[in-house]
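K.L.:
Just a sequence and a predicted model for now, questions to come.
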Amino acid sequence: MTEHKSGFVAIVGRPNVGKSTLLNRIVGQKIAIMSDKAQTTRNKIQGVYTTEEAQLIFIDTPGIHKPKHRLGDFMVETAYSALREVDAVLFMIAADDKRGRGDDFIIERLKHVDSPVYLIINKIDKVHPDQLLGIIDDYRQQMDFKEIIPISATEGNNFETLMKTLVSQMPEGPQYFPDDQITDHPEYFIVSELVREKVLLLTRDEVPHSVAVVVDSMKRNEDDKVHIQATIIVERDSQKGIIIGKGGKMLKNIGSKARRDIELLLGDKVYLELWVKVQKDWRDKQTYLTDYGYKTEDY
């Protein structure tokens, strides 16, 4: 009988290189929110990949960037803490982005990591194949990577190769989660993230990253639907007005788009009720950060 393998894998990289897209592909379902805005992911999100031979637990870290407030400090510290507890690190870059100071900054940190580091070149569907050789050569000169694997997280190119490579190099170990479990986060956390994603998607640059979403309650009602009540928190009255929209139209749109994703996640009919609340400068106040799910004991 072949040995069962298991291990923990951190996905790190600059904001917006496709880490959440890869995680969603790995688990075959949407658990990490996706947006073309930087720093979408704020907490470590664990995705579980299970086959008969192996179980890999993936940690999608916030994009490493220079923090501007306490929330930013929390996000960067969360990313670094992930590197201290894994069997492998995927350093993800985008093929259509030049290596920048942010990448060099991460590479310097990765040189001090004991785990093997793989360079994952994402978005290869966005560049001509000839350009890849130059990218590989450039990064090879910066650091000695365990392996360099070009992929497209969106299209799935070379995804199987990545997974086979990782499984083959994992240590022997137990199955930590049941076969059908794809994340260790409670459902209400993912529900709040799906609502936040729709706020980012629909309000674009009008409401920056001063948005948090808290699920206040989630229970089955008399119509056998899952009744979810959630609050969208912003920092200014003007942002509240944008999210509610004229005659409540924007809030309704956010709610209907989020409800569709939540129904897919839960496999159930959902009644979603949303409120908007202003909490001035919440990103710089530890009490609010803790209330809204950004807990420092996760460091």
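P.N.:
In hand now; what should we look at?
K.L.:
Leaving out the residues flanking it, which one is nearest to Arg14?
P.N.:
In this structure, Arg14 finds its nearest non-sequential neighbour in Gly102, 4.4 Å apart by Cβ to Cβ, 6 or more residues apart in numbering. To be clear about C-beta, it is placed using only N, CA and C from the backbone, and glycine gets the same treatment.
K.L.:
And for Gly247, the neighbour number?
P.N.:
8 (other Cβ atoms under 10 Å).
K.L.:
Give me the three-state assignment for it.
P.N.:
helix (DSSP: H, G, I helix; E, B strand; the rest coil).
K.L.:
where's it relative to Gly241, distance?
P.N.:
To Gly241, Gly247 is 12 Å away according to Cβ to Cβ, to the nearest Å.
K.L.:
likewise Ala153?
P.N.:
Ala153 is 36 Å from Gly241, where distance means Cβ to Cβ.
K.L.:
ok, back up a step: quick check: mean pLDDT of the strand or helix carrying the residue nearest to Arg14?
P.N.:
For Gly102, the element it lies in under DSSP states H and E is helix 101-110. The average pLDDT for helix 101-110 rounds to 88.
K.L.:
Quick check: which element contains Leu162?
P.N.:
helix 159-168.
K.L.:
Which elements pack onto that helix?
P.N.:
strand 54-60, strand 117-122, strand 147-150 (3 or more Cβ pairs under 8 Å, 6 or more residues apart in numbering; DSSP states H and E).
K.L.:
Mean pLDDT, mean neighbour count and distance to Arg196 for the ones you listed - can I get that in CSV?
P.N.:
Converted to CSV, those look like this (pLDDT from 0 to 100; neighbours: other Cβ atoms under 10 Å; distance: least, Cβ to Cβ, whole Å):
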stretch, mean pLDDT, mean neighbour count, distance to Arg196
strand 54-60, 86, 24, 15
strand 117-122, 96, 23, 23
strand 147-150, 96, 17, 30
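K.L.:
want to throw those into TSV with distance to Val199?
P.N.:
As requested, the helices and strands packed on helix 159-168 are exported to TSV (distance: least, Cβ to Cβ, whole Å):
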stretch	distance to Val199
strand 54-60	19
strand 117-122	25
strand 147-150	33
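K.L.:
what's the closest of those to Asp223?
P.N.:
Closest to Asp223 of the helices and strands packed on helix 159-168 is strand 54-60 (Cβ to Cβ; 35.0 Å).
K.L.:
If I take the closest one and helix 159-168, what angle do their directions form?
P.N.:
110 degrees (axes from the mean of the first three to the mean of the last three Cα atoms, to 10 degrees).
K.L.:
Sheet partners, orientation included, of strand 54-60?
P.N.:
Strand 54-60 sits in its sheet next to strand 5-13 (parallel), strand 45-50 (antiparallel), going by DSSP bridges.
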